[in-house]
Each structure stands twice: as C-alpha cells, then as structure tokens.
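**Student:** dropping a prediction and its sequence here:
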Amino acid sequence: MDDKETERAEVSLEPPKIQRLEESVVNRIAAGEVIQRPVSAVKELVENSLDANSTSINVVVKDGGLKLIQVSDDGHGIRYEDLAILCERHTTSKLSKYEDLQSIKSMGFRGEALASMTYVGHVTVTTITKGQLHGYRVSYRDGLMEQEPKPCAAVKGTQIMVENLFYNMIARKKTLQNSSDDYTKIVDLLSRLAIHHINVGFSCRKVGVYHGAARADVHSVTTSSRLDSIRTVYGVSVARSLMNIEASDNDPSTSVFKMDGFISDSNYVAKKATMVLFINDRLVECSALKRAIEIVYTATLPKASKPFIYMSIVLPSEHVDVNVHPTKREVSLLNQEIIVEKIQSAVELKLRQSNESVTYQEQTVASSPSSSLGTSKELQPKLLSPGSQSQKVPVHKMVRTDSLDPAGRLHAYLQTKPHKHLAENSSLTAVR
C-alpha cells in the first residue's frame, strides 16, 4: 500500500461531523411528512373546520389540489390576536399539556398542519368571529405573516386557500402530475366524512382551467338518518343492500367498546371492498379489522366477498393512543385483538342470519276498477278510430310513481273490459 492509499484509508475512518440543520430545512422536511399529497392538506383543513363546530363545509379544488385548495366553513372563526401565530409550528388551541392527549376529543392536536402548508405552498386565510363588523385576510409563507391582517368583507366562519402546493419540492410535484387521481382521493375522503358527520353539510367541486366551477361531486345535507346520508353520497343501490349491525362489550377485564354501523348483504357486488371506519369520531384505518371482516365475507358470501362496511367504534379516550402516525391515519387501541375478534363474530352471525333468508325485489302490478275503467275510456277512442295513425300515449296516463318507495315503483294501468277490440286488432298499439 503506497502513501496515498494509506492517507485515504485514514480519512475514511474519521467519523463525519454532525451539524445543526437550518430551521427552514427542518420545517420543510417535516412539512413533506405531514402533507404527503393534496388530499392530506384537504383532510387537515376539513378536520379543523369540524373542530370549529361548522355545519357547512365547502371544498373547491383546481388541478387535483396542486393549483388551488379552498376550504370554507361556517364555524366560530379565528381571533384577530391569534392570526400572528396561526401558522407557526406547534401552535394549537386543542391542548396545553401532554396529559391532555389522554382525553383529546378534537381531530387535530399537534399544531403542525397549517405550518406545514406554508412551507410547501402559499396560504391565505380569511376569517370573521361572532360580533365583528368585518373580517380579516392575511397571507402566510414559511410560517410567518407576509403583512399585517387587512380588514375585508367576510361571511361567518373561515376560508383557507392553499395555492401552488409543492412549488418548492420539484421531485414531489413530478410524482403528482395525475390530477384526476388526486381529485378522486379528495372526493373519496369527503364522501367518508359526509356519511359519518350527518349534522354537517359537505360539498366538493373542481374548477377547470378554462371554465368555472363544475357540478358538485360530493353534495350532502344535514340529516337525522345515516342511511339517508349513505343513499345521498354512495347511491340507492348501495343503501338498499345494507344491514344494520351492532356490537359492544363492557367488561373492564377484557374490553370496553360500542360499535354500530352498516354492512352489505349478498346482493352487493363490487370490484373492491370499501371500509369506512371511525374510532371516536376520527377517520382511521385498521388493517387487522378489515382483514378479519374480509375473511368472514369470503367464507360466508363467496360471491359478495368485496363488501361495503361502515363502522363507528366508541371507546374510552384513555384506551386510544392517537399520536402514533404523522398524518393521524392510524391509532393504537387497548385490547385491539379482543375488540377485532368480537366485531368479527358479530359480522359472521349477521351474515349467516341474512344468508338463511334471501330477499328478492319484485314489482307488483295493481289496478283499481275506477282507474282501469277511466283509462280504458280515455284510450278507447284512440284505439278504435278507423284509419287513424298510432299515437303516442302520454306518459302520465301509462305510469305512476309511488313516492313512498325511494327506488320508484311502476304500475301499468290495466284494461279490464275491451277484450273484443284486442282480439280484432292485436297490433302493438292495441296491446299498449
């Protein structure tokens, strides 16, 4: 080994120097972890709106959220004196000490979301609180106000705009060029939130590059029935195939929880499973529970093995650790295995009961004497007039819709007397 090789070996053995990163670098790295995609920003903003006791939340998206995300609510607003530190890291109104996490009921608690957005996008906040004559608008960048809040006209609540998301993260922006895919994720997120928070109205629409806002892809109104909300958001065919399910346990030695929700029956057929899970009103994912339920469906209903599941689980706050994931997508439960097992047993029992009795949807043809005679008299001149061309019978004379059945039920008006004429002229018009 010559002198140069020896020198290189000595240099390589020397440990690298540890240096403190600049604050801007630290914050941008943290922001990339909290705001992973446009849907992450929408989730954080909508959860803030829910924490503000809003009854109406409207979301507008442009270019899949990269150009614009706008979330407007009618909540309690933000105080003027809080606007200065609103977008600084770890500033929050949700808790003051670590022990508060054990009884936290709000969606957010870290105070990182808005700060993260200001490091990867341009944020503008417009807000007004109760009793104020006007609102305030202020823009933020890198966690700080760009100028003092300006008075402006405003409606009740808060509107937050995030523009040019990931403008300074070239690699991240290149991986998110498929705007339709990101918008689909945003619509899916708001659909899930809408069927749980039935006392809040949600709407989501996208804005095109060359035209204005399109029709809302999510539009839910406040309702007292969760099944009605599912029908509005996911459609009549999904709601018709759902069964109510409940499970609970109140034994402190094993588990304490209460679950209620809806699961699909054998009539529901889809290409992929849909599971909407809320734990203490928080939208989360639980792969163990989802896998356990899918196993039951595969064994019990092989032809409907891709179910639609909505479940809301309520546990004591001290049994849930919400601080286990950067985006709060997952939570840790006390006695999770026992809870999953009990819910799996409840689902299996419900499916076996439903499998024993199959329900068929059928249409009944009914006619009253008065209605059939009246219709016969109206139609008879048209059927018997010689040489007359076949005329189209008005729809309202052939069909009626029963408003009591949401799916709609059609009853043809039957003719009871003119059998003579039907025998003479068996054309299509006569049959009608």
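**Tutor:** That came in fine, so what should we check first?
**Student:** quickly find the element holding H219.
**Tutor:** strand 218-220 (DSSP states H and E).
**Student:** do V59 as well
**Tutor:** V59 belongs to strand 56-62, assigned by DSSP H and E.
**Student:** quick one: strands adjacent to that strand?
**Tutor:** Looking at strand 56-62 with DSSP bridges, its partner strands are strand 68-73 (antiparallel), strand 201-207 (parallel).
**Student:** pull the distance from the strand holding H219 to the chain's centre.
**Tutor:** Taking CA atoms, centre = their mean, to the nearest Å, one finds the center of strand 218-220 at 9 Å from the center of the full chain.
**Student:** how about residues contacting that strand?
**Tutor:** Here strand 218-220 makes contact (CB atoms under 8 Å, 6 or more residues apart in numbering) with 59, 187, 190-191, 194-195, 201-204, 229, 232-233. Quick note: C-beta positions are derived from backbone N, CA and C, even for glycine.
**Student:** quick check: buried residues in stretch 231-240?
**Tutor:** R231, T232, V233, Y234, V238, A239, R240 (16 or more other CB atoms under 10 Å).
**Student:** first to last residue in that stretch, what's the distance?
**Tutor:** 8 Å (CA to CA, to the nearest Å).
**Student:** not counting it itself, show me its contacts.
**Tutor:** Contact with stretch 231-240 is made by 191, 194-195, 218-221, 223, 227-228, 230, 264, 267-268, 308, 361, 406-407, as judged by CB under 8 Å, 6+ apart.
**Student:** returning to what we had before: can you tell me which of the buried residues of stretch 231-240 are in helices?
**Tutor:** R231, T232, V233, Y234, V238, A239, R240 (DSSP state H).
**Student:** and the fourth one, how far from V218?
**Tutor:** This points to Y234. 11 Å (CB to CB, to the nearest Å).
**Student:** show me where this structure has its helices.
**Tutor:** Secondary structure of the chain (DSSP H): helices at 3-13, 23-34, 38-51, 113-120, 170-174, 179-196, 226-234, 236-240, 287-300, 336-356, 369-384, 395-398, 419-424, 428-431.
**Student:** adding distance to V256 and mean pLDDT, write those helices out as CSV.
**Tutor:** Converted to CSV, the helices of the chain look like this (distance: least, CB to CB, whole Å; pLDDT from 0 to 100):
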stretch, distance to V256, mean pLDDT
helix 3-13, 57, 60
helix 23-34, 32, 80
helix 38-51, 25, 92
helix 113-120, 31, 89
helix 170-174, 42, 82
helix 179-196, 21, 90
helix 226-234, 23, 92
helix 236-240, 31, 92
helix 287-300, 17, 90
helix 336-356, 9, 88
helix 369-384, 58, 45
helix 395-398, 58, 58
helix 419-424, 70, 47
helix 428-431, 66, 48
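**Student:** mind putting the ones you listed into a markdown table with distance to R141?
**Tutor:** Output for the helices of the chain, formatted as a markdown table (distance: least, CB to CB, whole Å):
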| stretch | distance to R141 |
| --- | --- |
| helix 3-13 | 42 |
| helix 23-34 | 11 |
| helix 38-51 | 16 |
| helix 113-120 | 6 |
| helix 170-174 | 17 |
| helix 179-196 | 23 |
| helix 226-234 | 36 |
| helix 236-240 | 43 |
| helix 287-300 | 38 |
| helix 336-356 | 42 |
| helix 369-384 | 71 |
| helix 395-398 | 60 |
| helix 419-424 | 80 |
| helix 428-431 | 72 |
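**Student:** any idea which of these gets closest to H319?
**Tutor:** Within the helices of the chain, the stretch nearest H319 is helix 336-356; the backing value is 9.4 Å (CB to CB).
**Student:** so which of the strands paired with strand 56-62 is the most surrounded?
**Tutor:** Of these, the one with the most neighbours on average (mean count of other CB atoms under 10 Å) is strand 68-73, at a mean of 22.
**Student:** need the contact partners of that strand.
**Tutor:** Residues contacting strand 68-73 (CB under 8 Å, 6+ apart): 38, 41-42, 45-46, 49, 52, 54, 56-62, 157-163, 165, 207.
**Student:** and what of stretch 272-281?
**Tutor:** By CB under 8 Å, 6+ apart, stretch 272-281 touches 105, 107, 192, 195-197, 283-286, 289-290, 293-294, 306-315, 317, 320, 331, 333.
**Student:** what about burial for those residues, which qualify?
**Tutor:** Among the contacts of stretch 272-281, those buried by neighbour count (16+ other CB under 10 Å) are 107, 192, 195-197, 283-284, 286, 289-290, 293-294, 306-315, 320, 331, 333.
**Student:** since that was my last question, I'll sign off now.
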